[in-house]
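Novice: next comes the sequence, and after it the predicted model I'd like to discuss.
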There are 2 protein chains.
Amino acid sequence: MSQDSLLIIACSESDANLYYATRFLAPDPFVFLQVGTRKVLLMSDLEIDRARAQARVDEVLSLAEYEGKARQRWQSPHLIDTVSVLLEAYGVSAVTVPAAFPLEHGDRLREKGVSVTTRPDPFFPERLIKSEDEIAAVAETQRHTEAALEAALQVLREGRIAGEGVLWRGKPLTAEDLKKVINLSLMENDCVAQHTIVACGIDGVDPHNEGSGPIRPHESIVFDIFPRSSRTRYFADMTRTVVKGKASDDLRRMYDAVLAAQLRGIELVRDGASGQAIHEEVARTLEARGFQTGPVDGRLQGFFHGTGHGVGLDIHEPPRISKAGAGLRTGQIVTVEPGLYYSRWGAVRIEDLVVVGTDGCRNLTRAPKLDLLEL
Amino acid sequence: MSQDSLLIIACSESDANLYYATRFLAPDPFVFLQVGTRKVLLMSDLEIDRARAQARVDEVLSLAEYEGKARQRWQSPHLIDTVSVLLEAYGVSAVTVPAAFPLEHGDRLREKGVSVTTRPDPFFPERLIKSEDEIAAVAETQRHTEAALEAALQVLREGRIAGEGVLWRGKPLTAEDLKKVINLSLMENDCVAQHTIVACGIDGVDPHNEGSGPIRPHESIVFDIFPRSSRTRYFADMTRTVVKGKASDDLRRMYDAVLAAQLRGIELVRDGASGQAIHEEVARTLEARGFQTGPVDGRLQGFFHGTGHGVGLDIHEPPRISKAGAGLRTGQIVTVEPGLYYSRWGAVRIEDLVVVGTDGCRNLTRAPKLDLLEL
């Protein structure tokens, strides 16, 4: 029995595995033990009533009670002393823990003679395969993401090009203005977006630059929006690239190449497909159109990030569609998001969210991408 | 030299120690090594330019370059293989890591003969002592927190009592409405609030219930708001309890007791004071006014959480003002937030944020608390 025992000590607010296992959200760390199929929590007095009402587990035990038992053996028991009393009560002498299990806890458990083995991610392999409810939750967050993008695009449409800037409501429109519009729209729908990217021109050439300052006409503007629903906890993720004004021929060629590569990637996503093979084909599509990747003026340019990643309770989760990508499986939700980044021309990234199916994939993204250049 | 080496492998987005050490925010894990006073980062190609521009470290090394070196010795090197090459390059054979360092990484490093020692929290003891800049950042987030509370109180004032509910803009006012007003106000000021509590009546009796549904007149409403500034990354934290309509005599007695206990707690905060002693005195103040703590009808009632906690780059950080509280020191920022929770009467919690000083403390909170009952 004991080789099946799983132990997590974490904060479900930040640890998606613990939230997945319990569907219980708490701001402070708590203890999860699974013996066979039986799930048990050790909860503080502050959380125990709520945990008993909400957590999808078999039993919620009182941390205070187990601390009392530990105090019969140790004067000021550490959390791991208390956990060891719990393990004894369940006849568990060996536990499997997540790769990210705290080393201090691991060392203390081993000092007590408990066998502690880490399981590489994904800790719950079944977490990668989304249920219909989970797909619906991601799709719902995606709808709100699209509404937020549309609100920002509406601002861009309303803006008036004036020299090197765009005037909106009498003032120069900034990346910060657009982010605020996006984040407010998301919040109206109970979604929280952090690090929303609105990167104009050279800002976008660093894919993780969030963007700042005045929006300039005729330059690429990358919108990358990846909020979490506060209600369901599921993320969505979408990127669109637009231009206010007129795109240069080079930028248009980049856009067409990225779109072609993205469509090619989406075409290849299906059960059994190799994430690595898809990524390589996407990269080849860009190269075939003349867009090389490598250092230029001491800076990496071209296409130098992965094609996609899983999305669910974490914004970045397996599987990867990248150099290190493994086989895709039906029910996984992944992004397909190639991009091109050149200091001379700007940045283009286009990202959709798709569900892997037996014979292809289902695109959860409804925002247009064919006619976005030149608002 | 090597006994001074610190190693963190984490995501600075969720690991405040890593952000503190580098002031660099990235969504994916990266490697931080400190040898003596020299700080070094190992960064992916995707982040390296931004890290070199922004991170407050001595050197930003290329992860890809070190992976290349590792590939000369291992066919498909794991991250820890690459880290071991870095450690060798710096002559480091022993590292001190945070208590939460991932066990899998710890095991792999030890397999390579590296001595890995965990340091109990706080990993950087100096993080608890806030500089003037850090105090200013927390105070700024606190100002935005107060503006958000005021926006919600204004809605309550505008609301009209109608039977069992409160009408606002022609509809029954809900906890969700008030949370939206708060969160939108915060977002206007670049602050992100998660799990804002607006808990009316019985909801508030569970201190971590976020509250939902219609606001009822003449019942306690607990507002607990703890946003982070997206700009500075520093949190603030404040709780106020109000009543729309008329508070019962019992509720008023509770309010007066909590306020007296809170003022007593604040009075005791100073350099050298024991967090445990302050907590005990706060609890005694409540008991002296007749408010007992213990299980009633199978539910813990009275005052059953700590009096306070540190606030900074984490919303909950040391020191604690609680049963387990240690000595306070000048420059720490702590909350003082006693509460009373009774199924029969409702909940009251009052929380301010103070800076520990030599002869007392400086209250960063400006929101009124004496005249909040009965809006």
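Specialist: Everything's here; your move. Quantities reported herein were computed from a predicted structural model and do not represent experimental measurements.

Novice: tell me which parts of the stretch 101-250 of chain A are close to chain B?
Specialist: Residues of the stretch 101-250 of chain A lying close to chain B (C-beta under 8 Å from any C-beta of the partner chain) are A:101-107, A:116, A:118, A:120, A:180, A:183-184, A:187-188, A:192, A:194-195, A:206-209, A:230. Heads up, the C-betas are built off the backbone N, CA and C, glycines and all.

Novice: among the residues you listed, which are located in strands?
Specialist: Applying DSSP state E to these, the entries found in strands are A:116, A:118, A:192.

Novice: so the last one makes contact with residue A:228?
Specialist: Pointing back at residue A:192 there. Yes: between residue A:192 and residue A:228 there is a contact at 5.6 Å, judged by C-beta atoms under 8 Å.

Novice: out of these two, which sits in the more crowded spot?
Specialist: Set side by side, residue A:192 and residue A:228 show more neighbours around residue A:228, with 21 against 17, by other C-beta atoms under 10 Å in any protein chain shown.

Novice: the more buried one pairs with what?
Specialist: residue A:192, residue A:235 (DSSP bridges).

Novice: that one reaches residue A:315, doesn't it?
Specialist: Yes: here residue A:228 reaches residue A:315: they are 7.3 Å apart, a contact under C-beta under 8 Å.

Novice: who touches both of the two?
Specialist: Jointly contacting residue A:228 and residue A:315 under the rule C-beta atoms under 8 Å, 6 or more residues apart in numbering or on different chains are residue A:235.

Novice: burial count for the closest residue to residue A:337 other than its chain neighbours?
Specialist: Nearest residue to residue A:337 in three dimensions, chain neighbours excluded: residue A:351, at 3.3 Å (C-beta to C-beta, 6 or more residues apart in numbering or on different chains). Look at residue A:351: counted by other C-beta under 10 Å, it has 25 neighbours.

Novice: residue A:351: what's it in contact with?
Specialist: For residue A:351, the contact set (C-beta under 8 Å, 6+ apart) comprises A:224, A:237, A:238, A:239, A:240, A:262, A:308, A:335, A:336, A:337, A:365.

Novice: just residue A:90 next, same as before
Specialist: A:5, A:33, A:35, A:40.

Novice: and what about residue A:150, helix, strand or coil?
Specialist: Under DSSP: H, G, I helix; E, B strand; the rest coil, residue A:150 falls in the helix class.

Novice: show me the contacts for it.
Specialist: residue A:367.

Novice: what's the answer for the one 10 residues further on, then?
Specialist: Contacts for residue A:160 (C-beta under 8 Å, 6+ apart) come out as A:166, A:167, A:168.

Novice: narrow those residues to those in strands?
Specialist: Using DSSP E, the contacts of residue A:160 in strands are A:166, A:167, A:168.

Novice: what segments of the stretch 101-250 of chain A are helices?
Specialist: Here the stretch 101-250 of chain A has its helices, by DSSP state H, counting those that start in this stretch, at A:103-111, A:132-158, A:175-188, A:249-268.

Novice: pLDDT on the last one, on average?
Specialist: So the one you mean is helix A:249-268. Per-residue pLDDT values over helix A:249-268 give a mean of 97.

Novice: got it, and the shortest one?
Specialist: The average pLDDT within helix A:103-111 is 98.

Novice: what's the answer for the second one, then?
Specialist: Confidence for helix A:132-158, expressed as mean pLDDT, is 97.

Novice: could you list the buried residues of that helix?
Specialist: Buried residues in helix A:132-158, counted by 16 or more other C-beta atoms under 10 Å in any protein chain shown: A:134-135, A:137-149, A:151-153, A:155-156.

Novice: can you check the last one too?
Specialist: With burial defined by 16+ other C-beta under 10 Å, the residues of helix A:249-268 counted as buried are A:251-255, A:257-266, A:268.

Novice: render the CA-only coordinates of it in CSV, please.
Specialist: The C-alpha trace of helix A:249-268 is given here as CSV (Å, rounded to 0.1, in the frame of the first residue of the first chain):
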residue,chain,number,x,y,z
ASP,A,249,6.1,45.5,-46.9
ASP,A,250,8.7,43.8,-44.7
LEU,A,251,6.3,43.7,-41.8
ARG,A,252,3.6,42.3,-44.0
ARG,A,253,5.9,39.6,-45.3
MET,A,254,6.7,38.7,-41.7
TYR,A,255,3.1,38.6,-40.8
ASP,A,256,2.2,36.3,-43.7
ALA,A,257,5.1,34.0,-42.8
VAL,A,258,4.1,33.8,-39.1
LEU,A,259,0.5,33.2,-40.0
ALA,A,260,1.5,30.5,-42.5
ALA,A,261,3.7,28.8,-39.9
GLN,A,262,1.0,29.0,-37.3
LEU,A,263,-1.6,27.5,-39.6
ARG,A,264,0.8,24.8,-40.5
GLY,A,265,1.5,24.1,-36.8
ILE,A,266,-2.3,23.9,-36.0
GLU,A,267,-2.7,21.6,-39.0
LEU,A,268,-0.2,19.1,-37.5
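
Novice: which SSE is the residue most central in space within chain A in?
Specialist: Central residue of chain A (C-alpha atoms, centre = their mean): residue A:315, 0.7 Å from the mean position. Using DSSP states H and E, residue A:315 sits in no helix or strand.

Novice: from chain B, how far off is the nearest residue to it once chain neighbours are set aside?
Specialist: Excluding the flanking residues, the one nearest residue A:315 by C-beta to C-beta, 6+ apart is residue A:235, at 4.7 Å. Plainly put, residue A:235 is 12 Å away from chain B if you go by C-beta to the nearest C-beta, to the nearest Å.

Novice: quick one: distance of stretch A:23-34 to the chain centre.
Specialist: Taking C-alpha atoms, centre = their mean, to the nearest Å, one finds stretch A:23-34 lying 21 Å from the centre of the chain it belongs to.
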